[in-house]
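Novice: give the three-dimensional model of this entry:
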Amino acid sequence: MLPNKTAVDKTIQIGLILGCKINKKLIWQRKHYDWPDLPKGYQDTISGPYATPLGKKGKFLGIRITECHLEEDPAAWNPKTGEIDYNRSGSPLIEIVTEPDFRTPQEAVAWLKQLIVTLNYIKSIDKKVGIKVDVNISIPKGKRVEIKNINSLKNIKTAIEHEIQRQKKELPKTQETRMFDESKGTTIKMRAKEGAEDYRFISDPDLPVINIEKKRIERARSQLPETPSEKLKKLIKKYKIEKKTAEILTKKLDIVEFFEKIIEKTNPKIAVRWVTEELLSVLNYNKKELEDIDIDPKHFIELLKLIEDKSITELKAKEILRSWKTESSSPKRGVKKHSQISGEKEIEKLAKQIIKENHKAVEDYKKGEAKAMNFLIGQVMRLSDKRADFKTSREILEKMIKG
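Specialist: Coordinates of the predicted model:
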């Protein structure tokens, strides 16, 4: 059987992002071990002492990369309960191996966060599964200990902190593999750590050699987006965006690319606020990604310009944005029915009606309850279909009540 083409292409892209040298001839190996998470007795992998990994000797954000290679995902075995989860067994897995360049748990987690954001830019992480990390820890004069399959940044930090303290109390004399018990925040021994010779690596006779052509590497390189760190520098330098805001924008590629399309043609201050606050708020509320909704940047630009020239109120603009549940439409088309009411006479008519219908709120405001005024303004907004100017409505209501 031929290997998964998409998985090979993704591995090439990841190797390039990590600054690795891409090898052009890859030979599958059988990695043998006898544990319940691998019922067929061996794992197909392009790693091991006789393998040439797809990418090697790279560097990412100051941390040296030993290699990145493709292999099959084994099952997940829990030695504490004896349960085995075979859901992902056999799925393509890309393993990234670093040199021991981390010195603190905080440094490791911060680096991993940036790695995850970067891998999401090229859609290399299965959202339903996420990542899993094997953490290797050693202190001076002690043997290396590996903690398997940690699946969250919080647990990674906790596991490293616990293991460092544990090793200081009982210095490891032999290499071993441990698991992290999330409920207790401790690590538990699974087995003695095997060496490369224990896995009995051999070339897999059933899987063909993968020959990577130069044009395939160059095609993968041409399809790479700018990295989050490159995007961050551009936003700060070119568009003068504050670092904290720029970091929010660069967390997701589709968001930052959308922002770059609208920033050139809109007021930067309005654009920043409406993308980082209003747009992200709507997406989070509906539990959707930007790619799930067909929002035309031209329509978003129109919306921001209508806000800027006060053709519509911000409340009405928010309503329009929320209405784009599957796709956007031109807000200019309905601008007349959405147009802002800022004339005092028209707002006075609305205010009179609201005051007449809400005696209790009026009396509460006279007694000093600020919330009552917010309620009355809200009623003006309701009656005007959110078209009344907020500031003018407040001024007229206060003047009429006091008068």
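
Novice: okay, CA-based contacts and neighbour counts for the rest of this
Specialist: Fine.

Novice: name the next helix or strand downstream of the lowest-mean-pLDDT helix or strand in the chain, please.
Specialist: Using mean pLDDT, DSSP states H and E, helix 335-338 stands out as the lowest-scoring helix or strand of the chain, at a mean of 58. Downstream of helix 335-338, the first helix or strand assigned by DSSP states H and E is helix 344-357.

Novice: for that following helix, buried residues please.
Specialist: With burial defined by 16 or more other C-alpha atoms under 10 Å, the residues of helix 344-357 counted as buried are I347, E348, L350, A351, I354, I355.

Novice: which strands and helices sit next to it?
Specialist: Judged by 3 or more C-alpha pairs under 8 Å, 6 or more residues apart in numbering; DSSP states H and E, the packing partners of helix 344-357 are helix 370-383, helix 390-402.

Novice: need the contact partners of that helix.
Specialist: Residues outside helix 344-357 that contact it (C-alpha atoms under 8 Å, 6 or more residues apart in numbering) are 341, 362, 376, 379-380, 383-384, 388, 392-393, 396-397, 401.

Novice: closest one of those residues to K59?
Specialist: Comparing the contacts of helix 344-357 against K59 with C-alpha to C-alpha places A388 closest, at 56.3 Å.

Novice: let me see the backbone angles for that closest one.
Specialist: For A388, the backbone dihedrals (degrees, to the nearest 10) come out as phi -70, psi 140.

Novice: what number of residues lie near it?
Specialist: 27 (other C-alpha atoms under 10 Å).

Novice: quick one: the strands in the stretch 101-250 of the chain?
Specialist: 133-137, 145-150, 176-181, 186-192, 202-203, 210-211 (DSSP state E, counting those that start in this stretch).

Novice: Throw these into CSV and include distance to I46, mean pLDDT and mean neighbour count, thanks.
Specialist: CSV is the format used below for the strands of the stretch 101-250 of the chain (distance: least, C-alpha to C-alpha, whole Å; pLDDT from 0 to 100; neighbours: other C-alpha atoms under 10 Å):
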stretch, distance to I46, mean pLDDT, mean neighbour count
strand 133-137, 18, 94, 17
strand 145-150, 19, 90, 20
strand 176-181, 22, 90, 20
strand 186-192, 23, 85, 15
strand 202-203, 9, 90, 16
strand 210-211, 10, 92, 13
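
Novice: can I get those strands in JSON lines with distance to K24?
Specialist: As requested, the strands of the stretch 101-250 of the chain are exported to JSON lines (distance: least, C-alpha to C-alpha, whole Å):
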{"stretch": "strand 133-137", "distance to K24": "27"}
{"stretch": "strand 145-150", "distance to K24": "30"}
{"stretch": "strand 176-181", "distance to K24": "33"}
{"stretch": "strand 186-192", "distance to K24": "35"}
{"stretch": "strand 202-203", "distance to K24": "17"}
{"stretch": "strand 210-211", "distance to K24": "6"}
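
Novice: looking at the ones you listed, which is nearest to K243?
Specialist: When the strands of the stretch 101-250 of the chain are compared (using C-alpha to C-alpha), the closest one is strand 133-137, at 29.0 Å.

Novice: quick one: strands adjacent to the closest one?
Specialist: strand 145-150 (antiparallel) (DSSP bridges).

Novice: residues touching the residue nearest to I156 when sequence neighbours are not counted, list them.
Specialist: Spatial nearest neighbour of I156, chain neighbours left out: I150 (6.1 Å); criterion: C-alpha to C-alpha, 6 or more residues apart in numbering. Residues in contact with I150, defined by C-alpha under 8 Å, 6+ apart, are K132, V133, D134, V135, I156, M179, F180.

Novice: repeat that for R221.
Specialist: Counting by C-alpha under 8 Å, 6+ apart, R221 makes contact with Q13, L16.

Novice: can you list the weak-confidence ranges in this protein?
Specialist: 1-2, 193-196, 334-343 (pLDDT under 70).

Novice: the longest strand in it is where?
Specialist: strand 63-72 (DSSP state E).

Novice: against which helices or strands is that one packed?
Specialist: helix 5-17, strand 42-45, strand 55-60, strand 92-98.

Novice: may I see the helices and strands packed on helix 344-357 organised as JSON lines, with mean neighbour count and distance to T45 added?
Specialist: JSON lines is the format used below for these (neighbours: other C-alpha atoms under 10 Å; distance: least, C-alpha to C-alpha, whole Å):
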{"stretch": "helix 370-383", "mean neighbour count": "17", "distance to T45": "63"}
{"stretch": "helix 390-402", "mean neighbour count": "16", "distance to T45": "63"}
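
Novice: now distance to F300 too, for the ones you listed, in a markdown table please.
Specialist: Output for those, formatted as a markdown table (distance: least, C-alpha to C-alpha, whole Å):
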| stretch | distance to F300 |
| --- | --- |
| helix 370-383 | 23 |
| helix 390-402 | 22 |
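
Novice: where's D254, which helix or strand?
Specialist: D254 belongs to helix 253-263, assigned by DSSP H and E.

Novice: distance from that helix to the middle of the chain?
Specialist: 15 Å (C-alpha atoms, centre = their mean, to the nearest Å).

Novice: quick check: buried residues in that helix?
Specialist: Buried, per 16+ other C-alpha under 10 Å, within helix 253-263: L253, I255, V256, F258, F259, E260, I262, I263.

Novice: now for the spatially closest residue to the first one that is not a sequence neighbour, how many residues are close by?
Specialist: Spelled out, that is L253. Nearest non-adjacent residue to L253, counting by C-alpha to C-alpha, 6+ apart: Y121, 5.3 Å away. By other C-alpha under 10 Å, the residues close to Y121 number 20.

Novice: separation between Y121 and V209?
Specialist: Per C-alpha to C-alpha, to the nearest Å, Y121 is found 29 Å from V209.

Novice: same thing with T250?
Specialist: 38 Å.

Novice: so those two - more neighbours on which side?
Specialist: T250 (23 against 15).

Novice: isn't that one right next to E260, touching?
Specialist: No. Counting by C-alpha atoms under 8 Å, T250 sits too far from E260 to count as a contact (10.7 Å).
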